[in-house]
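J.: What would the 3D arrangement of this be:
(one chain, ligands or ions: 1)
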Amino acid sequence: MGEEEVEVVQHDIIVLGAGITGLRAAIEIVHKSLILNKKISVGIISKVHPLRSHSVSAEGGLGVVLSIDKGDSFELHAWDTVKGGDFLCDQDAVEFFVQRIPREVLFLEHVGMSWLRNMDGTLFQSQRMGGHSFPRGVFAGDKTGHYIMRSLFDYLLSIADGNVNFYNEYFACAISVKNNEYRGLIALNMKNSELVYFLSKVLIFATGGLGRIYKTTTCAAGVTADGMAIAYRAGLRLKDMEFTQWHPTGLVPSGVLISEAARGEGGYLLNRHGERFMKHYAPNRMETAPRDIVTRAIMWEIEKGNGYESFGVKHVMLDLRHLGKNLIEERLPFISKLVKKKLGLDPTQDLIPVRPSLHYMMGGIHTDMFGNTDVRGVFAAGEVACVSIHGANRLGTNALADCLVYGGVVGEQAIEYLVKHDPGYPEIDREAYRKTVKKIYDEIYGREGGEYSVYELMDNLRETMENNVGIFRNERDIKNALKKIREIKSSLSKVTVDDKDKIYNTWLVDYLQLENMVEIAELIATCALLRQESRGSHYRIDYPNRDDEKWLYHTLVKYSVDGPEISYSPVVITKWKPVERKY
Ligand SMILES: Cc1cc2nc3c(=O)[nH]c(=O)nc-3n(C[C@H](O)[C@H](O)[C@H](O)COP(=O)(O)OP(=O)(O)OC[C@H]3O[C@@H](n4cnc5c(N)ncnc54)[C@H](O)[C@@H]3O)c2cc1C
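T.: Have a look, this model is predicted:
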C-alpha cells in the first residue's frame, strides 16, 4: 500500500469519547488554552452523537459536600466512599476527589444547569443514594445525566471557536504505542467504513464502561468496553477488573434502571411476604445500604424462596406507593413514566418488580491520581479509568462526580503536558494502520462462509458472564466461564459478517464490539478467579470473607502474547484503617 492512501486527521489533542467525561475534558482544554492565549486544536471522537452517550441516562444525582454548616464535611464524604468501597480505594485520591467536586457543581451552575432547588434558589440536597451518611445528592428530577450533558454540550459549542472538532460516528479500533510513546489512533468512519488515522500529541480515553458484557444490564447498547480493550492491546495496564457492580433495582424483565433515588426518597423493598427484608441484612441503613449489600440481600431472599416470579424471572418488589403522587411526579418522573410504558404499572398504586442488573465498572485503565496512564501523553478518566476512588464498590452519585472532576483533571494535565514537553506530532505508524486495514477489509469484510453469527456469540458471552461471573462467584463456575470465553474468542475467526455494505454497517461494528467485550470478559474472569476473598462487589462463595492480610491489593493486568500477565500493588491508606463494614 502506498503512503498516500492513509487519510490523516491532525489535532493537538484527541479526546476519545463524548460523554460527561469527554465533554468536561474538552471544556477544560479550551479554558486553559484561553488563559495561556495558545491555540490548541481538539478532536472529539465518538461512535454515537455526543448526546447519545450513556451519560445522558444517569438518573439519580451527584454527590457533593455543600452543607458544611449543617454538619457535612469532606472527611465524611471521603470516609463514606472508602467504607463503601470496602477499603480498596486509594485514600489520597479519594480525599482529593471529594474536595474537587464543589467547584464542578459551581461550574455547572455557571453554565446553566437546571438543578432542583430550594425556594431560596440554593440547591436542594437529598439522601438519594446508598452508603452516604449525609444528604449530599444534588439532582434534576431523575434525569440528572441528561441535564448535565445538555449543559456541557451547549457550553462547549459556545466556546469552541473553531478549535473543537467533533468526529461523531467514528469507531476507534486501535491505538499505536511504540517505546512507550503514543503514536496515534485508527478509527473507522461508520458512515462509509473508511479508516482514518488520527494523529495527535495527546490522547484522552473517556470511553465509559462495559455493562453490555452481561445479559441483564442498565447500560446502553454502546457500553461495550472498547476503550479498555484498545488500551489493553496497546500494552497499558488495567486495574481491578474483577470489580463489576450490580445495581439492585433493574426493572423486570429488561433490566432497565430504576434509580436508587427511588429508595433514597423512601421506597421500600419487599419480599413476597410483604416484609422489608433489608432489616435482616443492613438494619441501620435498610434500603439505602450500599449497592453490593442490597444486591446480595435481594438474591438471598430469592434463594430462600421469598421472591416473586414474573416473565420467567425471579425478583422482589419495590414499593413507592406511600411516597404519594406529588413526590413521585416531582422527583421521580422518569421512572414513573418508564414503569407505565414498559409494564403498564402506576407506581402510586402498584408494586414494581425489580432485580439486580449490571450497572458499572469499578476497574479500568490504570491511572495515577491525576489520570496519567502507563504511556506518556495518554490519559484516562471517567468510567473507563481506575484511579481508584471507588475501590471494590462505588457509591451512588460518585460516578457523575468522578466524570466531572477527572474530566477536568485530565484536560488540565493534557495542557500541562503539551506546554511543558511539547512533544511535537509523532510519526504515523503505517504498520499499525495496515494491520487494521487488513483486519477490517480482508479478515472481516472479506470472510465468507463462516460458522457463527456475531449475535449468537454475543448472546453466549452474555449468558456465560451472567451465570458464571455474576453476583455470586466460585472457582468452578469461573473456570467454566473462562473455558467458554476462550472458545468464543477462537470462534471469532469463524464469524461471517454477511452484510458487505460500506454505509453504516452495524454488523461490522457489532463484530468489533464483540471482540472488545470478549477480550475484557476474559480479564474479568481471570482476575475474579485469582482473588480468593470477598470484597465489595466481588463475592466468592468459596471465600466468603474479606482477607486484608492477603488481598488488600489492587490487581493489575497487562497484555502479553502468552495471555494476561497479573501483578498486584498496595492500596494507599492515609487515614482510615480497614475495619469491619457494617450498615
Ligand atoms: C442507567 C444509568 C444511570 C446512572 N445514574 C447515575 C447517577 O445517577 N449518578 C451517578 O453518579 N452515576 C450514574 N451512573 C453512572 C454514570 O452515569 C456513568 O459512569 C458515566 O456517565 C460514564 O460517563 P463517561 O463519560 O465515562 O462515559 P459515557 O457517557 O459512557 O461515554 C462514553 C463515550 O465514549 C464513546 N466511545 C466508546 N467507545 C468508543 C469507540 N470504540 N469509538 C469511539 N467512541 C467510543 C461513546 O460514543 C461515548 O461518547 C449511571 C449509569 C447508568 C448506566
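
J.: Poorly predicted segments of the chain, please.
T.: Within the chain, the segments meeting pLDDT under 70 span 1-4.

J.: near the ligand at all, stretch 326-333?
T.: No: judged by CB under 6 Å from any ligand atom, stretch 326-333 stays clear of the ligand, getting no closer than 12.0 Å. Just so you know, the C-beta spots here come from the backbone N, C-alpha and C atoms, and that holds for glycine as well.

J.: Which residues does that stretch contact?
T.: Stretch 326-333 has contacts (CB atoms under 8 Å, 6 or more residues apart in numbering) with 116, 126, 139, 141-143, 259, 261-262, 265-266, 320, 323, 336, 347-348.

J.: from those, which single one is nearest residue 508?
T.: Nearest to residue 508 among these: residue 143, at 32.8 Å, using CB to CB.

J.: so who does the closest one touch?
T.: The neighbours of residue 143, taking CB under 8 Å, 6+ apart as the test, are 59, 333-334.

J.: now do the same end-to-end measure for stretch 194-208.
T.: End-to-end distance for stretch 194-208: 24 Å, by CA to CA, to the nearest Å.

J.: ok so, going back, make a PyMOL selection of whichever of the contacts of stretch 326-333 turn out to be buried.
T.: Buried residues within the contacts of stretch 326-333, by 16 or more other CB atoms under 10 Å, are selected in PyMOL with:
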select buried, resi 116+126+139+141+142+143+259+261+262+265+320+323+336+347+348
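
J.: on that earlier part again, make a PyMOL selection of the buried ones in the contacts of residue 143.
T.: Listed next is the PyMOL selection for buried residues among those, using 16+ other CB under 10 Å:
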select buried, resi 59+334
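
J.: can you give me the strands for the stretch 301-450 of the chain?
T.: Listed in chain order, the strands of the stretch 301-450 of the chain (DSSP state E, counting those that start in this stretch) span residues 308-310, 313-319, 352-361, 364-366, 378-380, 385-386.

J.: Please name the residues that touch residue 12.
T.: Counted by CB under 8 Å, 6+ apart, residue 12 has contacts 40-42, 200-202, 418.

J.: Out of the residues you listed, list just those in helices.
T.: Applying DSSP state H to those, the entries found in helices are residue 418.

J.: Distance to the ligand and neighbour count added to the contacts of residue 12, as TSV?
T.: Below are the contacts of residue 12 laid out as TSV (distance: CB to the nearest ligand atom, whole Å; neighbours: other CB atoms under 10 Å):
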residue	distance to the ligand	neighbour count
40	21	21
41	19	16
42	14	26
200	14	25
201	19	22
202	17	25
418	22	21
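
J.: So which of the contacts of residue 12 are in strands?
T.: 42, 202 (DSSP state E).

J.: Quick check, residue 112 in contact with residue 152.
T.: No: look at residue 112 against residue 152 with CB atoms under 8 Å: they stay out of range, at 10.3 Å.

J.: So which of those two has more stuff around it?
T.: The residue with more neighbours, out of residue 112 and residue 152, is residue 152; 28 against 11, by other CB atoms under 10 Å.

J.: hang on, that one in a helix?
T.: Yes: counting by DSSP: H, G, I helix; E, B strand; the rest coil, residue 152 is part of a helix.

J.: Return the distance of the nearest residue to it once chain neighbours are set aside relative to the ligand.
T.: Residue nearest to residue 152 in three dimensions, not counting chain neighbours: residue 23, with 4.1 Å by CB to CB, 6 or more residues apart in numbering. Residue 23 sits at a distance of 8 Å from the ligand (criterion: CB to the nearest ligand atom, to the nearest Å).
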